[in-house]
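[1] Quick one, what's the 3D model for this:
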Amino acid sequence: MKIGILQTGPVPEDLVEAHGHYPDMFVRMLAPFGFDFQTWAVLDGEFPDTIHEADGWLITGSRFGVYEDHAFLPPLRDMIRDIFDASIPLVGICFGHQIIAQALGGHVEKYTGGWSVGPKRYTFPDGDKVIHAYHQDQVITPPEGAQTIASNDFCAHAGLYYPGKAFSVQPHPEFNDAYERALLETRGPGVVPDERLDEAGAALGTPLDSADIAAMIARFFRERTIE
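    From the prediction side, this is the model:
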């Protein structure tokens, strides 16, 4: 099965050598499941010729906001709607989670509660899972027909399931502790409040359930269900 990765943001240049680009992180995360991968850097205007160039699609995270004015966003929203209408399985992470919701009629904004960073606990239907977070924007109102399947006190719609069509999560199962630490230390200061950076740094090393989310993603790609 071929998974098309739609890259919507860059890893900070000084972190690429140690951690790779975002598509590299997803390839590593999903490697145990035997998929083939191809990446399109949509942030640079590189789009597939048709939505049928892959058997499933994954939209990465990004430092951009889905409500900002970037040339790649309108065609990406159109592509999302086309994929959804064609019932080709679609997965979104962080920015990907947000733009799928926005493209289908939901509302995303910069959350008044500020930033969520570091390992965070989310309630899923099969129990609580700890996954790395790094975001301020979030889905405030999901689209019609979307089911909220993950949440916590900070992020009410941290996971959305569109039965048989799409699955998305706000946190980052593709982030390991080393990359999260690098973001906290190099990109957090002066942007994320010091108290939250300190809390996140102290929580690094908490056992993560990212492998559970990877398995959910793989199951959705193959079976169109997360159960």
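[2] Pull out the C-alpha coordinates of the helix or strand harbouring Met216 and format them as CSV.
    Using DSSP states H and E, Met216 falls within helix 210-223. What follows is helix 210-223, C-alpha atoms only, in CSV (Å, rounded to 0.1, in the frame of the first residue of the first chain):
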residue,chain,number,x,y,z
SER,A,210,3.0,6.9,20.2
ALA,A,211,3.2,3.3,19.0
ASP,A,212,-0.5,2.9,19.8
ILE,A,213,-1.3,5.9,17.6
ALA,A,214,0.9,4.5,14.8
ALA,A,215,-1.1,1.3,15.0
MET,A,216,-4.3,3.2,14.8
ILE,A,217,-3.1,5.1,11.7
ALA,A,218,-2.0,1.8,10.0
ARG,A,219,-5.3,0.2,10.8
PHE,A,220,-7.2,3.1,9.4
PHE,A,221,-5.2,3.1,6.2
ARG,A,222,-5.8,-0.6,5.7
GLU,A,223,-9.3,-1.1,7.1
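[3] and that helix, what's its mean pLDDT?
    Helix 210-223 shows a mean pLDDT of 98.
[4] so who does the residue nearest the centre of the chain touch?
    The chain has Ile93 as the residue nearest its centroid, 1.0 Å off, counting by C-alpha atoms, centre = their mean. The contact partners of Ile93, taken as C-beta atoms under 8 Å, 6 or more residues apart in numbering, are 26, 58-61, 168-169, 172-174. C-betas here are computed from N, CA, C, even on glycine.
[5] Would you mind naming the residues that bridge with it?
    Ile93 has these beta-bridge partners by DSSP bridges: Val169.
[6] Please report how far it lies from Met29.
    Going from Ile93 to Met29 by C-beta to C-beta, to the nearest Å gives 10 Å.
[7] what's next to the helix or strand hosting Met79, contact-wise?
    Met79 belongs to helix 73-85 when elements are defined using DSSP H and E. Contacts of helix 73-85 with the rest of the structure, by C-beta under 8 Å, 6+ apart, involve 6, 8, 42, 47, 51, 57, 59, 64, 66, 90, 99-100, 102-104, 162, 165-166.
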